[in-house]
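>>> just a sequence and a predicted model for now, questions to come.
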Amino acid sequence: MRPPRPSRPPLARRPSRPLLARRPSRTSLRRKIVALVAATAFLIVAAVGLLVHLWTAQDIRSRGDARAFNSLYAAMDVYRRTGTLTDGAELDPADLPATLRTPADDRRHTAYDGHVDGNVGPTVWAAQRTGGPGSPVLAVQINLNPDHANLARLDMAMVVASLAALVAAAPLAVYGSGLVARRLRRVAETAARISAGDLDARTGATKGRDEVADIAATVDRMADALSERLRAERRFTADVAHELRTPVGGLLAATDLLPPGETEDLLRARVRDLRGLVEDLLEISRLDAGAEQPVRARVPLAAVVADAVARTGLETEFTETAETAEASTAATATGQVVETDPRRLERIVGNLVVNAHRHGAAPVQVTVHGRTVVVRDHGPGFPPEVLRHGPRRFHTGARERGSGHGLGLTIALGQARVLGAALRLANAPDGGAVATLRLPA
């Protein structure tokens, strides 16, 4: 589309900043790495601690069995020779486990008793008949409480050592993950600068020869290829526009020689459209090259916007909100005063209004609120791909959005970058496209 074209201010490089989307917040990679290291260390410590505990408990049980066997052997030898009980041996003790009370043969048997009574228990019993069937059972009880107390102290020592190891490992994990996170952050910042339009952004050489260095080198190579392609496209657009400017001017002058009539009016309108397209292409080429510089002045925002809407010659509802009106009364009689380039502001508002009429549906409404200008129509709204990726030149996004060259929104976004303003494209919940221009303070 081609709204009224402002005069060209001096050239300068545009600032690089994204206008359509903001990067969502994410959990820090450093935190993820530290959490992963801590979880892995905890699992290793828990597994090792469990294995050590089980192995030690089994060793205590095995040594208890061996001590019970040896004590029973010595006590049985003394009992058979002298008839006396030694080493704490007892005949048919009352608390002897049932499995040892009536052994099937005269061999030595052991049993584990997990009962704890004060400082006694768990215990290991060893028992053997003193003679033939029906003879008393000689039993020896070995108290494992001291060994289990040592096991509890071992468990506590392992817990303390594990916590100390985790505390010592955490700073190392934070430091190591920080190195990786900083390198990845450099790559991400470079990619963000490239996506914002800084084609000269590069990550450069990175420390190490790992995957992060490969990613950085790949991003730089991709940026080189993308930069070369975009520059070639921009050179082609600028060259075409410059080459067409002279013959189009000649065509427009030649139309003045035609006799008045319907043919002359039709041809003049087509040549004017062609000249507008060439001028739009030249403007886009300058915006792409960063060769635009705003000429700032303090102007009443509402008055400039109203004048831009009137210049389009299209039926548009203009509203200045009550809050803005009250603030403007205190500041100036003509409205909220802003410091901006009025010609570029008129260009942006004019493009948005013409775009709303051409691709949307009436009523088209323009609202000024503080430093914000909102242009809304009641048509089908912006296509999803325009909302996701932004407008593309020579692409209107959807057939129901109407016809056009797709340059109006592209120029509006470029001029908004020059002004340092934010231009957001969205769809209203009840239908229609909404373009919001927010001027910087």
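That came through, no problem.
>>> for residue 311, give me phi and psi.
Per-residue torsions, residue 311: phi -70, psi -30 (degrees, to the nearest 10).
>>> any idea how far it lies from residue 414?
Separation of residue 311 from residue 414 (Cβ to Cβ, to the nearest Å) stands at 20 Å. Every C-beta, even on glycine, is put in place using the N, C-alpha and C of the backbone.
>>> so for those two, which sits in the more crowded spot?
Just comparing residue 311 and residue 414: by other Cβ atoms under 10 Å the higher neighbour count belongs to residue 414, 23 against 15.
>>> so for the more buried one, what's the nearest residue that isn't a sequence neighbour?
residue 287 (3.5 Å; Cβ to Cβ, 6 or more residues apart in numbering).
>>> wait, a helix at that neighbour?
Yes - counting by DSSP: H, G, I helix; E, B strand; the rest coil, residue 287 is found in a helix.
>>> give the contact list for it.
14, 411, 414, 415, 417, 418 (Cβ atoms under 8 Å, 6 or more residues apart in numbering).
>>> which stretches of the stretch 51-200 of the chain form strands?
Ranges of strands within the stretch 51-200 of the chain are 90-91, 109-113, 123-129, 137-143, based on DSSP state E, counting those that start in this stretch.
>>> okay, those strands in CSV with distance to residue 380 and mean pLDDT next?
Putting those into CSV (distance: least, Cβ to Cβ, whole Å; pLDDT from 0 to 100) gives the following:
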stretch, distance to residue 380, mean pLDDT
strand 90-91, 98, 88
strand 109-113, 82, 84
strand 123-129, 86, 88
strand 137-143, 88, 89
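>>> out of those, which is closest to residue 181?
strand 109-113 (53.9 Å; Cβ to Cβ).
>>> so how far is that closest one off the chain centroid?
Strand 109-113 has its C-alpha centroid displaced from the chain centroid by 62 Å (Cα atoms, centre = their mean, to the nearest Å).
>>> list the buried residues in it.
Across strand 109-113, burial judged by 16 or more other Cβ atoms under 10 Å covers 109, 110, 111, 113.
>>> same for it, what does it pack against?
Packed against strand 109-113, as judged by 3 or more Cβ pairs under 8 Å, 6 or more residues apart in numbering; DSSP states H and E, are the following elements: helix 29-82, helix 98-101, strand 123-129.
>>> most tightly surrounded among these?
strand 123-129 (a mean of 23; mean count of other Cβ atoms under 10 Å).
>>> where are the low-confidence patches of the stretch 101-250 of the chain?
104, 208, 237-238, 240-243, 245 (pLDDT under 70).
>>> can you map out the helices along it?
Secondary structure of the stretch 101-250 of the chain (DSSP state H, counting those that start in this stretch): helices at 145-195, 211-255.
>>> what is the shortest one packed up against?
Right, helix 211-255. Going by 3+ Cβ pairs under 8 Å, 6+ apart, helix 211-255 lies up against helix 145-195, helix 262-288.
>>> please identify which of the ones you listed is closest to residue 250.
Of the helices and strands packed on helix 211-255, nearest to residue 250 by Cβ to Cβ is helix 262-288, at 9.7 Å.
>>> in the closest one, what's buried?
Under 16+ other Cβ under 10 Å, the buried positions of helix 262-288 are 267-268, 271, 275-288.
>>> just how off-centre is it within its chain?
44 Å.
>>> start at 50, not 1
Sure, I'll start numbering at 50, so the last one becomes helix 311-337.
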